[in-house]
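Novice: What would the 3D arrangement of this be:
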Amino acid sequence: MAQVDRLSVTMPPDIGEAVRAAAAREGTSVSTWLTSAAEDRLRNELLGVALDAWESEDGRFTEAELAAAEAALSGGQPSSAA
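Specialist: So this is what the prediction gives:
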């Protein structure tokens with residue numbers, strides 16, 4: 001059996017209800033859904049740290065670089081808010 005770290009969390013009732021509904025839509029448990037959400041949040045935090053380090057070494061990203069990244073992330077579709 002895999003080792004687990006049991007946590008007890010509290011949240012506003014409307015958020016708890018939304019989490020339960022999202023987990024049900026995905027056919028998963030609330031624990032699995034929250035674990036996935038935490039992994040996403042941690043990955044985003046680490047990405048932010050990496051991007052900050054990149055900019056501190058190479059300077060701020062240019063508008064062209066940001067536009068190219070946005071296009072790549074949106075499947076090549078330009079943003080409607082240019």
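
Novice: hey, let's count contacts and neighbours off CA atoms from now on
Specialist: Will do.

Novice: just for the protein, where's the confidence low?
Specialist: Residue ranges of the chain with pLDDT under 70: 1, 77-82.

Novice: Tell me how far the spatially most central residue of it lies from Leu66.
Specialist: The centroid of the chain falls nearest to Asp40 when counting by Cα atoms, centre = their mean (3.9 Å). Distance, Asp40 to Leu66, by Cα to Cα, to the nearest Å: 21 Å.

Novice: by contact count, what packs against the helix or strand that contains Ala37?
Specialist: Counting by DSSP states H and E, the element that carries Ala37 is helix 30-58. Contacts defined by 3 or more Cα pairs under 8 Å, 6 or more residues apart in numbering; DSSP states H and E place helix 30-58 against helix 13-26.

Novice: elements contacting the helix it packs on?
Specialist: helix 30-58.

Novice: Could you pull out the buried residues of the helix it packs on?
Specialist: Within helix 30-58, the residues that count as buried by 16 or more other Cα atoms under 10 Å are 30, 33.

Novice: Distance from that helix to the middle of the chain?
Specialist: In terms of Cα atoms, centre = their mean, to the nearest Å, the centre of helix 30-58 is set 7 Å apart from its chain centre.

Novice: and if you look at stretch 23-36?
Specialist: 15 Å.

Novice: for whichever helix or strand comes after the helix holding Ala37, packing partners?
Specialist: Helices and strands here follow DSSP H and E; after helix 30-58, the next one along the chain is helix 63-73. Packing contacts for helix 63-73, counted by 3+ Cα pairs under 8 Å, 6+ apart, involve no helix or strand.

Novice: Output helix 63-73 in CSV with nothing but the alpha carbons.
Specialist: Output of helix 63-73 as CSV, limited to C-alpha atoms (Å, rounded to 0.1, in the frame of the first residue of the first chain):
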residue,chain,number,x,y,z
GLU,A,63,6.4,41.4,-26.2
ALA,A,64,7.2,39.2,-29.2
GLU,A,65,8.4,36.4,-26.9
LEU,A,66,5.2,36.7,-24.8
ALA,A,67,3.0,36.7,-27.9
ALA,A,68,4.8,33.6,-29.3
ALA,A,69,4.4,31.8,-26.0
GLU,A,70,0.7,32.8,-25.8
ALA,A,71,0.2,31.5,-29.4
ALA,A,72,1.9,28.2,-28.6
LEU,A,73,-0.2,27.7,-25.5
